[in-house]
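Enquirer: the amino acid sequence is not available; the structure is as follows:
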């Protein structure tokens, strides 16, 4: 019978050989999930023996993770600015950059906007985070994927925000006769030619949420143009690491002002902000 520590050590080695990033962290999350504990609780139970009843479901999770299934899908949830969101293959797994993007949006608005639009909402992490933080704002969320919107609604129900966020299905759909003080978007921005080079975990995300066309901006440019009719305030974009220069120029040429890129924690210009109206 193996102990908690023995399982952690042996699986860390197995994950490393299988090419899993952060192998020790992965098995800690999976074991804690299997045992119904917090990850840090494992450090107090290194000598605990694990029986077959506990090892059997863990083996299945370990096998799937070694085969490239994302950790977030196996756990079923992801934490985003302190809130738990359901996570599965219906929508993009929220990345740390998007969490930084959300935190920056909250910093920029000392006075919450009256109306907010999240274009390409996916699992709803941006729209729901903003709605939870700004209880007086009217928040709309749009996605072309009916499956993603179903997941976003599940998250809204779990966070008791289903009465606060209005969901719309469509591509670059703007609710009629609405003016927004903030439009945010994390649209597909990966160039089509680069899709094949993505990690096996990222390739588990919906292609619809990844492929941004030849230069990654096939949806971003139309959004910039169409948003002008519905925006009186700030347009905030999460973009690819090499897109800030040409998209900044496009924003300026399209009549936006105060165009400014901002860097993520790794020093890459991953966010664009511009005002209009």
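Expert: That came through, no problem. Since this is a predicted model, take the numbers as computed values, not measurements.
Enquirer: would you map the strands across the stretch 1-150 of the chain?
Expert: Assigned by DSSP state E, counting those that start in this stretch, the stretch 1-150 of the chain shows strands spanning 77-80, 83-86, 115-119, 138-143.
Enquirer: let me have those strands in JSON lines, extended by mean pLDDT.
Expert: JSON lines is the format used below for the strands of the stretch 1-150 of the chain (pLDDT from 0 to 100):
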{"stretch": "strand 77-80", "mean pLDDT": "95"}
{"stretch": "strand 83-86", "mean pLDDT": "97"}
{"stretch": "strand 115-119", "mean pLDDT": "98"}
{"stretch": "strand 138-143", "mean pLDDT": "98"}
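Enquirer: deepest-packed of those, please.
Expert: Mean neighbours per residue, mean count of other Cβ atoms under 10 Å, is largest over the strands of the stretch 1-150 of the chain for strand 115-119, with a mean of 26. (C-beta placed from N, C-alpha, C; glycine too.)
Enquirer: what's the angle between that one and strand 138-143?
Expert: 10 degrees (axes from the mean of the first three to the mean of the last three Cα atoms, to 10 degrees).
Enquirer: just how off-centre is strand 115-119 within its chain?
Expert: Here the centre of strand 115-119 is set off from its chain's centre by 16 Å, with Cα atoms, centre = their mean, to the nearest Å.
Enquirer: contacts for that strand next, please.
Expert: By Cβ atoms under 8 Å, 6 or more residues apart in numbering, the surrounding residues in contact with strand 115-119 are 124, 126-127, 130-131, 134, 137-142, 172, 174-175, 178-185, 187, 223, 230.
Enquirer: so how do I select the buried members of the residues you listed in ChimeraX?
Expert: The command below creates a ChimeraX selection of those among these that count as buried (16 or more other Cβ atoms under 10 Å):
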select :124,126,127,130,131,134,137,138,139,140,141,142,172,174,175,180,181,182,183,184,185,187,223,230
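Enquirer: so which of the contacts of strand 115-119 belong to helices?
Expert: Of the positions in the contacts of strand 115-119, 126-127, 130-131, 223 sit in helices, assigned by DSSP state H.
Enquirer: in these, find the pair that's most separated.
Expert: Among the ones in helices among the contacts of strand 115-119, the pair separated by the greatest distance (Cβ to Cβ) is 131 and 223, at 20.7 Å.
Enquirer: the closest residue to residue 222 other than its chain neighbours: what's it in contact with?
Expert: Using Cβ to Cβ, 6 or more residues apart in numbering and skipping residues adjacent in sequence, the residue nearest residue 222 is residue 172, 5.8 Å away. Contact partners of residue 172, counting by Cβ under 8 Å, 6+ apart, are 119, 142, 219, 222-223, 226.
Enquirer: ditto for residue 204
Expert: Applying Cβ under 8 Å, 6+ apart, we find residue 204 in contact with 68-70, 73, 89.
Enquirer: now it: how far from residue 2?
Expert: Separation of residue 204 from residue 2 (Cβ to Cβ, to the nearest Å) stands at 29 Å.
Enquirer: circling back: for the ones in helices among the contacts of strand 115-119, give me CSV that also has pLDDT and distance to residue 82.
Expert: Below are the ones in helices among the contacts of strand 115-119 laid out as CSV (pLDDT from 0 to 100; distance: Cβ to Cβ, whole Å):
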residue, pLDDT, distance to residue 82
126, 98, 14
127, 98, 16
130, 98, 14
131, 98, 14
223, 98, 29
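Enquirer: re the thing from before, next, format the strands of the stretch 1-150 of the chain as a markdown table and append distance to residue 32.
Expert: A markdown table is the format used below for the strands of the stretch 1-150 of the chain (distance: least, Cβ to Cβ, whole Å):
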| stretch | distance to residue 32 |
| --- | --- |
| strand 77-80 | 12 |
| strand 83-86 | 14 |
| strand 115-119 | 31 |
| strand 138-143 | 31 |
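Enquirer: for residue 255, which of those is the nearest?
Expert: Of these, nearest to residue 255 by Cβ to Cβ is strand 115-119, at 18.5 Å.
Enquirer: partners of that closest one in the sheet?
Expert: With DSSP bridges as the test, strand 115-119 is paired with strand 138-143 (parallel), strand 180-185 (parallel).
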